[in-house]
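K.L.:
Fold the following.
(chains A and B)
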Amino acid sequence: MEWIRQRLDKIKEPFAPGKKYEKYAPAVNAIDTFLFTPNHTTQKGSHIRDAVDLKRTMITVVLALVPVMIFGMWNAGYQYYSQLGEAFTFWEALGHGALKFIPMIVVSYAVGLGIEFAFAIFRGHEVNEGYLVTGLLIPMIMPIDLPLWMLALSVVFAVLVGKEAFGGTGMNILNPALTARAFAFFAYPTYMSGNQVWVSEASNVDAVSGETILGSLAAGENVSYGMMDMFYGIIPGSVSETSTLLILVGALLLILTKVGSWRIMLSAVIGAIAMGLIFNALPSLGIPGNELTNFPWYGHLIVGGLAFGIVFMATDPVSAAQTMKGKWIYGFLIGFLSVMIRVFNPAYPEGVMLGILLMNVFAPTIDHYVIQSNIKRRKKRIQSATTQVKTAV
Amino acid sequence: MSKDIRIKRGLSLKLEGEAEKELVKAPRSKTYAIKPPDFHALVPKMVIKEGAKVLAGDELFFSKYTDELRFTSPVSGTLKQIKRGEKRKIMEVIIEADPEDTYKDFGKMDAASSDAEAVKQRILESGCGAFINQRPYDIVADPKDTPKAIFISAVSTAPLAPDWGFILKEKQAAFQEGINALKKLTPGKVHLAVDASSAQYLKDIKGVELHNVKGPHPAGNVGVQIHKIDPINQGDRVWTVNPEDVTIIGNLFLTGNYIADKTVAVTGSEATNRKYFATKIGVEVADLINKVDEDVRIISGNVLTGFKVAYDQHISFFANEVTLIPEGNKYRAFGWLPFTYNNIHSNSRTSLSFLFPNRKFKPTTNLNGEERALVVTGEMEEVLPMDVYPMQLVKACMAGDIEKMENLGIYEVAPEDFALVEYVNTSKIEIQDVIRLGLDLMITEVG
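P.N.:
Prediction:
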């Protein structure tokens, strides 16, 4: 380690302040801080600091994503081979998925980090770690067969328009990963919906039918998967959205480390259940409803991207509500709206993406009203203080 | 009769290196110094020149914009040097001490039975006005104001903070007299905060509204107590005084002399003589601590709010403790990996340190990361037990939005209340500095 440190110090020499390549220092620093926590000491204010930093927080989210990611790769292979009816081993399935998925990760990180580095150098600040998570999330919420160039374009749009246009990390209104998905969804609808994209090679091999459960429901067809299949996640879908079980494992890590907000997760689940129950109650009110409205409320929690969205997307601290009360409202409405969009609009069988993006836009408004009540309380106190003085006089 | 204040949110850091409860007389320093930068926003104007003789209690300088506010010499001796910094700003006024102190005689006075204006004049002419701080803005109090109340916190919750009960034990009479004097300065109440572990004599002090404080740091911060007892509104003035400084004011009335006695606790993992030292304001650091190398940080004050000083310098005016901790100027390989380096405390759960709630930590001055944009939400609220939205207020200060700062409660906070917020902050932003700049903006714009 000592040797690497010395080499790094040597490499960094021409990037020091006042030297030839000073401008490019953020790029080198980003690589350095990835290997070593810097030797910076406190200069002003508190002399000691907490062990946590943004890199640690972001890596914790990446760790929480790893189980779903590996399962997603295996599931991609499993869906492919099982629909073809071929015999296969665990490693063959995983290998098939990995061959498809790893290039997607590479493209996402290369394009996204490239832009991040360029902006850091251009604006003269250090590279923020937010993209470590975003860059992994983007391929995870795309169909496995999405052409790489489309992925790259979505990343460019998400980082440039979704994030940097608003001032970079910490300033964005929309969740960048969902911005990428929304871009792909509306720009290339044929690659992002229908029954040809959710299983690997489905469009090339006739034998494969890659209908998602929500797609089937929206089309009024019967679903051939049991509830436990949906919970374990052995169903077609975006790469990592399918396994509710492993998403729960990730959620547990996020909640235990206090990195993800349990308030948002819990209230979103409550919201989704509430909307699901309302739809389930329609027949008893004399309205027959359809396949989607009659889909049991607990089913809504385990199919599609709802669980993944609630755990990894809704909890993005930058685009979520920032106040405690605001988080409860924000989460509840995400769950509520996601199920509502799912049921009411069969053209968008997956409502979570739109539900979260919609609430991203409303999060500052929610916060505004929460904070306004604090401000009112303060103003009221001044009023009562002045009236006290008046009555005393 | 006492009232209870229960604080729930906060964080009591347990660190290695508490001071033993043993009072030792520190050797008399060769020089003592008053540092004008210790009084925020003060513009000092010298009244004597280098080489002049002074008694303990003789005026050294006064405030240019509030000329009643005088600053006097803690010891008798010769004015050795006026140290200046950039733009000839006065950084230190150094006095070469006589072997024995001779005091300027202000005359004895019974505070309780005296006229309020006379008490105020006595406090100001002796230089004791310097001990009185004002909220909002956390600056030296303007004598022209009338505060709605005076607050004294005898609760220490800060990491390694000295025990007020121990420091004040021998100074009970002076403390009571100081309270009597302060009572004359306000038409309102004098509030004294104690906690369950406080000595009985503190609870028996007369003429105060007693408050029983319970909870983690920053429960001992006077700002948090004001917030719970009688929050500051726009236009209000509230004064605060440190408990030991109350005894200096008390002694002034009892003896007629300005006796600038300070008890300084030496704490921290790198200190070897961890004891309480009886000494004077502005003492030389070298007379209190063991000789240390450059890899030790000497803090005049506690680890959260103190000032960095060098071995050959003097301690700050308000400091009741000197803390020695190791410098953290070392690289750590893969320090960002969660659940590694669990010997470093974290309020988040990305370090396993939370599994050992009773373990004492040995922190360094390493930043444990680099400055980033504000991303993580909810962490600041956990350690700020006030009805204030910290992140929103910090952002308003950064933007310099006066109306927003006012609405969000800038008058109720001081930088020290945000010390823990700064400690836990994931993005390593210097939040105390941000709040200070925000308050400075309010001073110039609103006043």
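K.L.:
was I right about B:Asp101 contacting B:Val75?
P.N.:
Yes: when contacts are counted by C-beta atoms under 8 Å, B:Asp101 is listed as touching B:Val75 (5.5 Å). Where you see a C-beta, it was placed from the backbone N, CA and C, and this is true even at glycine.
K.L.:
shared neighbours of those two, anything?
P.N.:
Common contacts of B:Asp101 and B:Val75 (C-beta atoms under 8 Å, 6 or more residues apart in numbering or on different chains): B:Ala56.
K.L.:
These two: who's more crowded?
P.N.:
B:Val75 (25 against 20; other C-beta atoms under 10 Å in any protein chain shown).
K.L.:
From B:Asn251, how far off is the more buried one?
P.N.:
Here B:Val75 is placed at a distance of 15 Å from B:Asn251 (C-beta to C-beta, to the nearest Å).
K.L.:
swap in A:Gly167?
P.N.:
In terms of C-beta to C-beta, A:Gly167 sits 56 Å off from B:Asn251.
K.L.:
repeat for A:Met265
P.N.:
Following C-beta to C-beta, the distance that separates A:Met265 from B:Asn251 is 59 Å.
K.L.:
B:Ala161 now?
P.N.:
23 Å.
K.L.:
Equivalent analysis for A:Gly299, please.
P.N.:
Taking C-beta to C-beta, one finds A:Gly299 at 77 Å from B:Asn251.
K.L.:
State the helix or strand in which A:Ser82 lies.
P.N.:
helix A:54-84 (DSSP states H and E).
K.L.:
right, is whichever helix or strand comes after that helix up against chain B?
P.N.:
Per DSSP H and E, the first helix or strand lying C-terminal to helix A:54-84 is helix A:90-123. No: counting by C-beta under 8 Å from any C-beta of the partner chain, chain B is not contacted by helix A:90-123; separation bottoms out at 11.3 Å.
K.L.:
ok, now stretch A:155-165?
P.N.:
No: using C-beta under 8 Å from any C-beta, stretch A:155-165 never reaches chain B; the gap is at least 10.8 Å.
K.L.:
Which residue ranges make up the domains of the chain?
P.N.:
This is for chain A. Per the record, chain A has its domains at A:2-35, A:56-375, by automatic domain parsing.
K.L.:
um, chain B though
P.N.:
If you go by automatic domain parsing, chain B breaks into B:2-19+B:107-255, B:31-97, B:367-445.
K.L.:
chain center to the last one, what's the gap?
P.N.:
A distance of 19 Å separates the centroid of the chain from that of domain B:367-445, by C-alpha atoms, centre = their mean, to the nearest Å.
K.L.:
again, but for the first one
P.N.:
If you compare the mean C-alpha spot of domain B:2-19+B:107-255 with that of the full chain, they lie 12 Å apart, counting by C-alpha atoms, centre = their mean.
K.L.:
how about B:Ile152, phi and psi?
P.N.:
phi -130, psi 130 (degrees, to the nearest 10).
K.L.:
Just grab the bridge partners of it for me.
P.N.:
Using DSSP bridges, the beta-bridge partners of B:Ile152 come out as B:Leu192.
K.L.:
Neighbours of it, how many?
P.N.:
Neighbours around B:Ile152, by other C-beta under 10 Å: 26.
K.L.:
Contact partners for it?
P.N.:
B:179, B:182, B:190-193, B:208, B:222, B:240-243, B:246.
K.L.:
got it, and B:Val388?
P.N.:
A:374, B:227, B:408-409, B:412-413.
K.L.:
So which of the residues you listed sit within helices?
P.N.:
The members of the contacts of B:Val388 that map onto helices under DSSP state H are A:374, B:227, B:408.
K.L.:
so the last one touches A:Ile371, yeah?
P.N.:
Yes: with contacts counted by C-beta under 8 Å, B:Leu408 reaches A:Ile371, the gap being 7.4 Å.
K.L.:
Mind listing the shared neighbours of these two?
P.N.:
B:389, B:392.
K.L.:
Of those two, give the one with the bigger neighbour count.
P.N.:
B:Leu408 (23 against 20).
K.L.:
on that earlier part again, with neighbour numbers in mind, choose between A:Gly167 and B:Asn251.
P.N.:
Shown here are A:Gly167 and B:Asn251; by other C-beta under 10 Å, B:Asn251 has more neighbours (22 against 11).
K.L.:
That one and B:Asn257 touch, don't they?
P.N.:
Yes: using C-beta under 8 Å, B:Asn251 is in contact with B:Asn257, at 7.1 Å.
K.L.:
Excluding covalently adjacent residues, which one is nearest to residue 23?
P.N.:
The chain I'm using is chain A. Using C-beta to C-beta, 6 or more residues apart in numbering or on different chains and skipping residues adjacent in sequence, the residue nearest A:Lys23 is A:Ile121, 6.1 Å away.
K.L.:
Hmm, no, I was thinking of chain B.
P.N.:
Per C-beta to C-beta, 6+ apart, closest to B:Leu23 is B:Tyr276, 4.9 Å.
K.L.:
Torsion angles phi and psi at the one you found?
P.N.:
phi -100, psi 130.
K.L.:
Run through the bridge partners of it.
P.N.:
Beta-bridge partners of B:Tyr276, as defined by DSSP bridges: B:Leu23, B:Ala265.
K.L.:
Just list the residues touching it, thanks.
P.N.:
B:19-24, B:162, B:166-167, B:263-266.
K.L.:
same question, B:Leu304
P.N.:
A:46-48, B:158-159, B:416, B:419-420, B:422-423.
K.L.:
Show me the residues you listed that map onto helices.
P.N.:
Using DSSP H, the contacts of B:Leu304 in helices are B:419-420, B:422-423.
K.L.:
related to what we said a few turns ago, quick one: the helix holding A:Ser82 to chain centroid distance?
P.N.:
13 Å.
K.L.:
Show me what it is packed against.
P.N.:
helix A:90-123, helix A:130-140, helix A:244-256 (3 or more C-beta pairs under 8 Å, 6 or more residues apart in numbering or on different chains; DSSP states H and E).
K.L.:
Report the buried residues of the first one.
P.N.:
Meaning helix A:90-123. Buried residues in helix A:90-123, counted by 16 or more other C-beta atoms under 10 Å in any protein chain shown: A:92-94, A:96-98, A:100-101, A:104-105, A:107-109, A:111-113, A:115-117, A:119-120.
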